[in-house]
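In: Here's my sequence, what's the structure:
(one chain, ligands or ions: 2)
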Amino acid sequence: MAIHERSLVDPERVLRKDRLVIDGVDVSGDWNLIILPRVVNDYDLEFYDEVIAQPEGKTIVNCYQCSYCTASCPVHNYWDERYNPRHFIYLARLGLIDELQKRADVMWRCVSCHKCTHRCPKGVLVEEVLKAILRVMAKRGIIEEYPSKKFDKFFLDSVYEYGRIEDGELLFGWIEKQGYQVVKDPILKKPIPFIGGVPEWLKELAAKPLKNMNIGFLILNAKHMLFHPRTKNWNKFKQVLRKVMEEEGVYTH
Ligand code: SF4
Ligand code: SF4
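Out: Numbers count the residues shown, from 1 in each chain. Ligands and ions are numbered 1, 2, ... in the order given. The predicted model follows:
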């Protein structure tokens with residue numbers, strides 16, 4: 001029996017009278033509340049199989065719907081109660097695609113805090129499972145690829161190219177993708193940090209850690225920003241990485 005929070009029940013299915021007396025007994029308010037049954041005929045069990053087949057989706061099978069994840073989730077508790085990890089898993093397992101689609105506007109709001117995964121008593125990797133659900137929905141064209149995926153790809157491109165995170169390029173390259181004018185160096189055509197139409201808030205944000213940085217580390221960072229060195233033997237490892245990514249079907253470069 002699935003748990004159904006009140007917020008998940010369509011208001012038109014809830015019958016409740018503020019004042020009601022039957023045979024002299026006062027049954028006002030929630031004492032007379034009735035939830036009308038719902039006919040469900042849009043099951044798609046292949047959807048669940050597709051989620052399990054995703055590299056991040058396998059642990060969905062362990063879920064026993066205790067709702068610890070939802071109770072822990074800051075997005076559910078402080079932003080919008082429609083964001084409900086337990087309920088998304090429930091809908092995915094039953095293949096209730098239409099219900100998932102109704103919630104598509106909130107489903108990608110996860111902030112990856114991993115509280116849900118930490119608290120889950122059944123070892124479900126909740127945040128990953130949610131990503132798997134979203135991925136299957138996107139593959140089926142039910143939703144557009146979630147916006148954060150664009151950054152994920154950009155991030156992965158950077159790691160794939162250098163074998164490590166190239167902070168300056170990542171930050172200022174992303175800013176360029178958002179439509180800001182950046183200045184690029186004439187040889188490597190990479191954005192030069194802090195120059196061009198970079199917004200003031202970003203300059204301040206990026207400058208704060210620089211102020212407290214050890215001088216050696218600062219020089220190292222500046223060198224990386226200018227010359228973009230790769231990790232040693234990265235080209236060999238890159239080929240292996242590429243093969244694994246293709247096999248997993250996670251992302252092909
Ligand atoms: S905490 Fe774990 S077992 Fe409980 S509902 Fe969430 S995912 Fe399922
Ligand atoms: S990782 Fe996402 S789903 Fe899990 S608790 Fe944090 S915001 Fe909620």
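In: quick one: which helix or strand includes E56?
Out: For E56, there is no host helix or strand (DSSP states H and E).
In: State the distance from it to E128.
Out: 4 Å (Cβ to Cβ, to the nearest Å). All C-beta spots, glycine's among them, are computed from the backbone N, C-alpha and C.
In: try M107
Out: Separation of M107 from E128 (Cβ to Cβ): 14 Å.
In: swap in V14?
Out: In this structure, V14 and E128 are 34 Å apart, going by Cβ to Cβ.
In: between those two, who's got more neighbours?
Out: The residue with more neighbours, out of V14 and E128, is E128; 19 against 12, by other Cβ atoms under 10 Å.
In: quick one: contacts for the more buried one?
Out: E128 makes contacts with 56-57, 59, 117, as judged by Cβ atoms under 8 Å, 6 or more residues apart in numbering.
In: Give the helix, strand or coil label for it.
Out: helix (DSSP: H, G, I helix; E, B strand; the rest coil).
In: Over to I195?
Out: Per three-state DSSP, I195 ends up strand.
In: How many residues are close by D105?
Out: There are 12 residues near D105, going by other Cβ under 10 Å.
In: Can you name the helix or strand that it falls in?
Out: Using DSSP H and E, D105 falls in helix 104-107.
In: so, in contact with ligand 2 or not, that helix?
Out: No - for helix 104-107, no contact with ligand 2 is found by Cβ under 6 Å from any ligand atom; the gap never falls below 9.9 Å.
In: which strands and helices sit next to that helix?
Out: If you count contacts as 3 or more Cβ pairs under 8 Å, 6 or more residues apart in numbering; DSSP states H and E, helix 104-107 packs onto helix 126-139.
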